[in-house]
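Asks: Okay, predicted coordinates and the sequence, questions at the end:
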Amino acid sequence: MLLALKAHPDNPSPPSGIGSVEYIEVDVLRGTPQTLTLTWLLTGDLGGIVLPAFRGRSRQDDLWKHSCFELFVRGEGESYYEFNFSPSGGWAAYRLASYRGEMTNAPGTPVLDHGFRTGSKSLSMVATLDLSGLPGLSLAEPLRIGLSAIIEDPGGQRSFWALAHPPGEPDFHNPVAFAGDIPTMDYA
């Protein structure tokens, strides 16, 4: 399933010159009931996009302060999960009890693999997740997702991209941003 992200209307990518993003799309594959593989593809002039330096593949906080790619996923109920993936090699996985409610690290290591690649006019981030150990997600039910990207320029300005944006400031946690559905899978 291929989904296009839209720039936040108040924080778009620069319209011309270095660092302009033409588009960002995400390919979402539910390979098994418990796994998701996501591929974010950004196309544009990469000359003015700041990518964090590689710091090793590990769980890291505050990745959203620089260029990064995000997934939000929820089942039934108020709780949901946030996943962040950075070109630095860092990843994060959080559980939130409700809309911007108490946030804790998601249990275990739900990130099976992730990687980053750049080309002359594109970059991609691929991440594979195991959702089976995450409380509150019934893998027998459809999942509601939000997909987003934060892109930083050399001046420290960031553009915010998502499937949908609520009115006002960028807010990927808002229920409006959960604009994608992943159907259930039956392997019986």
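Replies: On my side now, so go ahead. Note that the structure is predicted; figures quoted are calculated from it, not measured. Numbers count the residues shown, from 1 in each chain.
Asks: List the beta-bridge partners for the residue nearest to the spatial centre of the chain.
Replies: By C-alpha atoms, centre = their mean, the chain has its centre lying nearest to residue 70, at 1.6 Å. Taking DSSP bridges, one obtains residue 84, residue 148 as the residues bridged to residue 70.
Asks: wait, doesn't it sit right on residue 177?
Replies: No. Look at residue 70 against residue 177 with C-beta atoms under 8 Å: they stay out of range, at 9.9 Å. (C-beta placed from N, C-alpha, C; glycine too.)
Asks: what's the overlap in contacts for these two?
Replies: Common neighbours of residue 70 and residue 177 are listed as 146, 148 (criterion: C-beta atoms under 8 Å, 6 or more residues apart in numbering).
Asks: what about the protein, any weak spots by pLDDT?
Replies: Scanning the chain for pLDDT under 70 picks out 11-19, 185-188.
Asks: coming back round to it: if I pick the residue nearest to the centre of the chain, what's in contact with it?
Replies: By C-beta under 8 Å, 6+ apart, the contact set of residue 70 is 64, 82, 83, 84, 85, 146, 147, 148, 149, 150, 172.
Asks: export those to CSV and tack on neighbour count?
Replies: CSV is the format used below for the contacts of residue 70 (neighbours: other C-beta atoms under 10 Å):
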residue, neighbour count
64, 18
82, 20
83, 22
84, 23
85, 26
146, 23
147, 27
148, 27
149, 23
150, 22
172, 25
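Asks: What is the nearest of those residues to residue 97?
Replies: Nearest to residue 97 among the contacts of residue 70, counting by C-beta to C-beta, is residue 82 at 12.1 Å.
Asks: For that closest one, which non-adjacent residue is spatially closest?
Replies: Excluding the flanking residues, the one nearest residue 82 by C-beta to C-beta, 6 or more residues apart in numbering is residue 94, at 4.7 Å.
Asks: Now residue 111: closest residue in space that isn't a chain neighbour?
Replies: Take residue 111 and drop its neighbours on the chain: the residue closest to it by C-beta to C-beta, 6+ apart is residue 91, 4.8 Å away.
Asks: ok, which stretches of the chain are helices?
Replies: Applying DSSP state H to the chain gives no helices.
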